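Asker: From the sequence below, what's the structure:
(2 chains)
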Amino acid sequence: MRILHTSDWHLGRSLHRADLLGHQAAYVDHLLEVVEAEEVDLVVVAGDVFDRALPPVDAVALADDTLARLAASRATVVISSGNHDSARRLGFGSRVMDAAGLHVRTRPEDVGRAVELADAHGPVVVHALPYLDPDAVRGAWGLTGRSHEVALDAAMTRVRADLAGRPGARSVVLAHAFVAGGRPSDSERDIAVGGISVVPTSVFDGVDHVALGHLHGAHTLTERIRYSGSPLAYSFSEAGHTKGSWLVDLAADGSSTATFVPAPVPRPLARIRGDLADLLADPDLAGHEGSWVEATLTDAGPRPAGAMERLRTRFPHALVLAFDAPASTGSRPRVVRPGRSAHDVTLDFVADVRGLGADDAEAALLASACDACAEDPTQDVPA
Amino acid sequence: MRVHRLEVTAFGPFAETVVVDGDALAADGLFLLSGPTGAGKSSVLDAICFALYGAVPGRRNEARALRCDRSDPGLATRVVLDVSLGDRRYRFTRSPAWERPKKRGDGTTTQQASASVQQRVGETWRHETNRLDEAGDLVGRLLGMTCSQFCQVAMLPQGEFSTFLQARSDDRQQVLAQLFRTDRYDRIAAWLVEHRRATRRTEEAARVAVDAVRHRLGEAAGTVPGDASPEGVLDDGWLADLRASTARAADVARDEDAAAHATLDATRAELESGLATARAQEAHTSARARQHVLDAAAPQRHREAARLDAARRAAPIALLDAQAAAAEADLAVARRRWSAAAGRAGVTDPDAVDGALQECRRRLGRLLDARPAETELGTARADAARAARATEAARAALARADDALAALPARVEELAEEHTRLGAVAAGLPGLLEAGARARDARRAARTVVELEALLVEATALADDARELKHARHEAWLAVREARLEGIAAELAGGLAVGGHCPVCGSCDHPRPATRGADAVDLAAERRARASLDDAESALLAHTDRVQGLRVRLAGAREGAGGHDEAWWQQEQERLEQATTAATVARNGAARALRALAEAEGALTAAREHRSGLASEVAAAETAERSARTAADDAERRLRALLDAAGGLTGALEEAVTVTGAQEAALEAAQRAAGELATARAQAARSLAHAEASAVAHRFDDLAAARAAVLDDAERGRLEAAAQAHRDGLREVHAVLADPVVRAAATEDAPDLAATRARLAAAEAMARDAATRAAQARERRDRVDVLAGQHDAAVAAWLPAAEAARRAEALADLATGRSADNRLRLSLSAYVLSWRLGQVVDAANVRLAPMTDGRFTLLHDAALPTRGGRRGGLDLVVRDEWSGAARAPVTLSGGETFVVSLALALGLADVVSQEAAADAVGVDIDTLFVDEGFGSLDADTLEDVMGVLDDLRAGGRVVGVVSHVESMRERIGRRLEVTPGSAGGADGDGGARGSRVRLVVAGA
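Answerer: Next comes the predicted model:
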């Protein structure tokens, strides 16, 4: 069975206020082309279809269009919800859609209910685990711990229970979590609960293939466990990533081979750095003139005026402007590290306003002044 | 500040009690208060603010309508908040003033606002205070903020989140100063100013001291010193020169002085040797002269020596001579005494004295014997006189008694007669009393007669009436009876029963019974007539009886009255009363007369007895008189006999006794004087003989010669002294003349002393001058040395003081921002505030960058000119990094303002929590509340803000937001759903009237 593994579409998301819907639509076109071209049997979308719980209308329209086209294609589609989606809203009409070959799994109650498919070699069982909020499922499943690992463990227990009843079936599991070994980028939303978000790969033992979503970079954790990453770069930290989807061939014995299918890059991302004048003049940067640009200006001294304006004259798609050196206006008091004692503050004051540090005798005088004005006892709160 | 539990009763939209579990809500670090419009989301935050400060944030506080309108009138509005402040846990319970229905009566009464603060200690809640002002003070100190500051920093109220961002520099300064406690630096600056003042004073004093010493030095040296300056004073050579010169002058003067004194000593020595020589020569000369004189006086001295010797020999004889003279004197005294005594005794011859004395003694004895007899005689004569007087007295008494006795019997008879008379009168008294009583009774009876007659008339009339009535009734009854009998047939017919027997004929058939007539009378009427007749009869009987009774009584009364009327009896009664009175008086008088009679008879008897007694007394007295006379005669006879035996008597006996006694005494004295005379004579003769003999024994011719040789002490002393002086003088002279010095000087010339003296005087004058000069020079030098030492000490004190003053001045000016060195023109507290604000802005920018894609940055520039040009402004501006231009915060759009305010609040909270660990500020602001504002953000910005808020959870901070924005509901796991109650009160379906809250967790 040929599986196309994608995730984290984030329909409706913008990149630093720049609209990406057109690019996302382009990816959908590419996806469908790949489905036709590579004769994909199963498309799995491992979560984060939308960027927000209440996506904008045109994102919904795009999704509607996508699902319709996918349903019309030769592939079966299994979609699970991610932490960005509203599980309820995404799952609208899911039970009805099942009949159309479009399997949307967003409810924790459906965990353990498999999507039964088959290929020439036998049954293939797909378990799509939606994003499981530890607090949400804790009460329902009676969990003792409050972490993603515990929740996923319980979910996988159910999955294994179901698989136990299907001997000989190959299993594919979709999950949306932060699994150890993956590297996050700047565009994922932090899902840490109690400070911990990482799940070990051992959670997914006993499954033939695991298609993960949530991280926006494509990572291969093990032969069986992969992240497909987002189809587009959603932050400048992903400027170096290659975006695309995994094409996985699931063999009869459950082993899988995967090929990475890169997605088209409608507009690349570039990170440039230098003085404003250099950036404007440097011919080596000509290749980035059409890219989304994150510029870090290293100008010393005061901020250049109208920096973005001028930058955009060359890089019309400059999105982010950062500055390397803090602006100094010359008369601002020197930043002092916190936690200094009052005496240190007075010494700094003398040094700053006079330009000349305090000598020993002056320091001693300041010390006695500070001691004489020790904490006012009337300020104390009674015990 | 961590909210643990909130309980709200009848507050805002909550009609009853709602409880919010703060711990559960804040478990995730981010929670949402959601609900429909007006449900009460902001009211939950208001309740928290009210519990702490007693006021709700923002403008709503002006309305002061905190109580829920729909709650029960008697349910008190109350908010209870369990909160942790720092590491202490407190419970605040507050109620606003509200109108409570009176417990008795109608209407409402105002229940005052109340507050209660408790602190958790161990397992129990300890009560802290119940007073509003103390509670407010406690909260202010625990949180380190006032209510308005709290609502700028920790609880951003709806519509007012930008207050801190857009505040004026002064207001922001207050918030920061309060939060970061920069008043400490104000105090430090003030301390430095005070220190400057103090050091300046010290320096001034030290400089004055130095100047004073320099002036004194000038006076001592006679030069004028220059003014001292700190730098120049140390290497001023003036002082050293002064010291050197004075030292030199002192040395020179000392040398001169020494030389002068040496000259003086030499001259003095010379003079002394000259004087010694002159003295020796003079001694020699005088010794020679004296020797001549002494030699001339030698013979005189011999003679005087012989005289002294004789006087020595005559000394004891003089004693004896004196004794003989004393004996002579005694003899003369004894002679004089003898003549006197003999004259008194009446004798001339000493030998005859003894015989006369004996005679006299014999006579005296006899006289003494006669004395008692005389005494007896006197006694007897006195007795006789007394007895005669007694007799006289008794006789007189007897005569008096006779007189008294004569008058008594007549009186007795008189009294007896009176008694009899009065007794007769009194005897009639009982009869009179009885008659009086009878008269009283009869009078009463006469009165009763009158009354009874009246009653009788009346009763008779009544009886007559009654009789007439009875007759009438009797007639009536008879008439009734007649009528009845006439109608008896009808009556009988009325009593017939159908089928019953007729009482008349016995038939059972009653074809035509008689009917009653119109005026038929039945048995009842007859009986009634009879009854009334009986009544009348009995009444008549009663009246008749009464009349009879009255008649009987009347008869009796008439009898009692005895045929007289009341007036007559009254007169009779009066008469009898008068007689009774007279009889009573007579009775009393008779009793008195009887008593008097008895007395008079008694007196008579007594008088008779008395008289007989007196008569016997008279007889006895006469007898006693006679016997006394006899005794007196006997005593006289005895006395006469004795006197004759004593040799007759002329005059009184006592006088004779006395004379004889005196004579005896005189004779005794004369006897003694004679004896003494003889003795004295013998003694004088003996002494004289003795003295004569002794004179001869001592080689005198006779006693007279010895007497003449006696020298008195004064004379003898003089002679001896003269002899001694002579001897001494001789000795001295020899000694002087033997002295070799004298002998040597006698051979030399006389020295010239006057010239030597003159030289000495000159030398002394010079020496004095030199000494004076030397002393002056030394003094000056010493004084200069002392002053120099003082000068150095004063300078040593002054220089450090000047240094300290300079330093203090520099620092104080620096700290108050007035120093020219202060480039930034910032005072210390302004600097600290500026620094703090810089910290806050930096922390805010860390939050702001992700929320605005790094486009906006907050700036704080101390050099920016403030309104009014004051130094150290705390203005904030927002810089658009893309254009590099800075804008005032008021120019931001709504959404931008919200984002920047939120970043600022987060930055402030970050800095506060940082500094709380270093104990520079009070309490960690670790809970933030943001009320609305998210609606002004577009979706992308909202995503970014939510991302920042998510990050906060990791830092242990709790952020509570109020929003109606739907996507936030989806996004935030823990929510407090506030739902409004059903409108219009209870309509029977169990719905609560007020809003309700419900804790919702994560997508369930």
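
Asker: How is the chain divided into domains?
Answerer: Picking chain A for this. Domains of chain A are assigned by automatic domain parsing as A:2-262, A:269-323, A:342-377.

Asker: meant chain B, my bad for not saying
Answerer: B:1-144+B:926-1004, B:298-345+B:655-711, B:380-488+B:520-648.

Asker: Deepest-packed of the ones you listed, please.
Answerer: Of all those, domain B:1-144+B:926-1004 carries the top mean neighbour count, a mean of 18, counting by mean count of other C-beta atoms under 10 Å in any protein chain shown. In short, each C-beta sits where N, CA and C put it, glycine included.

Asker: Do any residues in it lie close to chain A?
Answerer: Yes. Residues of domain B:1-144+B:926-1004 are located near chain A by C-beta under 8 Å from any C-beta of the partner chain, namely B:28, B:86, B:88, B:138, B:141-142, B:939-940, B:943, B:947, B:950-951, B:954, B:966-967, B:970-971, B:973-974, B:1001-1004.

Asker: just to revisit the earlier point, can I get the domains of chain B in TSV including mean pLDDT?
Answerer: Formatted as TSV, the domains of chain B follow (pLDDT from 0 to 100):
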stretch	mean pLDDT
domain B:1-144+B:926-1004	83
domain B:298-345+B:655-711	82
domain B:380-488+B:520-648	85
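
Asker: what would those domains look like in JSON lines with distance to residue B:762?
Answerer: Compiled in JSON lines, the domains of chain B are given as follows (distance: least, C-beta to C-beta, whole Å):
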{"stretch": "domain B:1-144+B:926-1004", "distance to residue B:762": "98"}
{"stretch": "domain B:298-345+B:655-711", "distance to residue B:762": "53"}
{"stretch": "domain B:380-488+B:520-648", "distance to residue B:762": "123"}
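
Asker: just checking, next helix/strand downstream of the helix or strand containing residue B:788?
Answerer: Using DSSP states H and E, residue B:788 maps to helix B:753-816. Using DSSP H and E, the helix or strand that follows helix B:753-816 towards the C-terminus is helix B:828-851.

Asker: Partner strands of the helix or strand following that following helix, with direction?
Answerer: Where DSSP H and E defines the elements, the next helix or strand beyond helix B:828-851 is strand B:856-860. Strand pairing for strand B:856-860, determined by DSSP bridges: strand B:876-880 (antiparallel).

Asker: and the top helix by length along chain B, how far from the chain's centre?
Answerer: Counting by DSSP state H, the longest helix found in chain B is helix B:566-645. Chain-centre distance of helix B:566-645: 84 Å, with C-alpha atoms, centre = their mean, to the nearest Å.

Asker: Kindly report the same for stretch B:92-106.
Answerer: Offset of stretch B:92-106 from its chain centre (C-alpha atoms, centre = their mean): 49 Å.

Asker: likewise stretch B:358-367?
Answerer: 98 Å.

Asker: circling back: just give me the lowest mean pLDDT stretch among the domains of chain A.
Answerer: The stretch with the lowest mean pLDDT among these is domain A:342-377, at a mean of 81.

Asker: isn't there a helix covering residue A:362?
Answerer: Yes. Per DSSP: H, G, I helix; E, B strand; the rest coil, residue A:362 lies within a helix segment.

Asker: what's it in contact with, if anything?
Answerer: Applying C-beta atoms under 8 Å, 6 or more residues apart in numbering or on different chains, we find residue A:362 in contact with A:350, B:807, B:810, B:811.

Asker: The third one touches residue B:819, doesn't it?
Answerer: Read that as residue B:810. Yes. Look at residue B:810 against residue B:819 with C-beta atoms under 8 Å: they come within range, at 6.9 Å.

Asker: which SS class is the residue lying closest to residue A:306 once chain neighbours are set aside?
Answerer: Nearest residue to residue A:306 in three dimensions, chain neighbours excluded: residue B:883, at 4.9 Å (C-beta to C-beta, 6 or more residues apart in numbering or on different chains). Here residue B:883 is recorded as coil under three-state DSSP.

Asker: Isn't residue A:247 up against residue A:41?
Answerer: No. Under the contact definition of C-beta under 8 Å, residue A:247 does not touch residue A:41, with a separation of 10.9 Å.

Asker: residues bridging contact with residue B:810 and residue B:819, i.e. touching both?
Answerer: By C-beta under 8 Å, 6+ apart, no residue touches both residue B:810 and residue B:819.

Asker: Chain B contacts on the stretch 1-150 of chain A?
Answerer: Contact residues (C-beta under 8 Å from any C-beta) of the stretch 1-150 of chain A with chain B: A:14, A:16-17, A:51-54, A:56, A:86-87, A:133, A:135-136, A:139.

Asker: and which of these is nearest residue B:277?
Answerer: Closest approach to residue B:277 among the residues of the stretch 1-150 of chain A next to chain B (C-beta to C-beta): residue A:16, at 140.7 Å.

Asker: and that closest one, what does it touch?
Answerer: Contacts for residue A:16 (C-beta under 8 Å, 6+ apart) come out as A:292, A:319, A:320, B:853.

Asker: Inside strands: which ones of those?
Answerer: Cross-referencing the contacts of residue A:16 against strands under DSSP state E gives A:292, A:319, A:320.

Asker: re earlier: quick one: the helix holding residue B:788 near chain A?
Answerer: Yes. Helix B:753-816 comes into contact with chain A (C-beta under 8 Å from any C-beta), by way of B:803, B:807, B:808, B:810, B:811, B:814, B:815.

Asker: Against which helices or strands is that helix packed?
Answerer: Under the contact criterion of 3 or more C-beta pairs under 8 Å, 6 or more residues apart in numbering or on different chains; DSSP states H and E, helix B:753-816 touches helix A:342-354, helix A:360-372, helix B:183-221, helix B:238-296, helix B:828-851.

Asker: And for residue B:474, nearest residue in space, chain neighbours not counted?
Answerer: Nearest non-adjacent residue to residue B:474, counting by C-beta to C-beta, 6+ apart: residue B:533, 5.6 Å away.

Asker: er, residue B:513 actually
Answerer: Spatial nearest neighbour of residue B:513, excluding adjacent residues (C-beta to C-beta, 6+ apart): residue B:493 at 3.5 Å.
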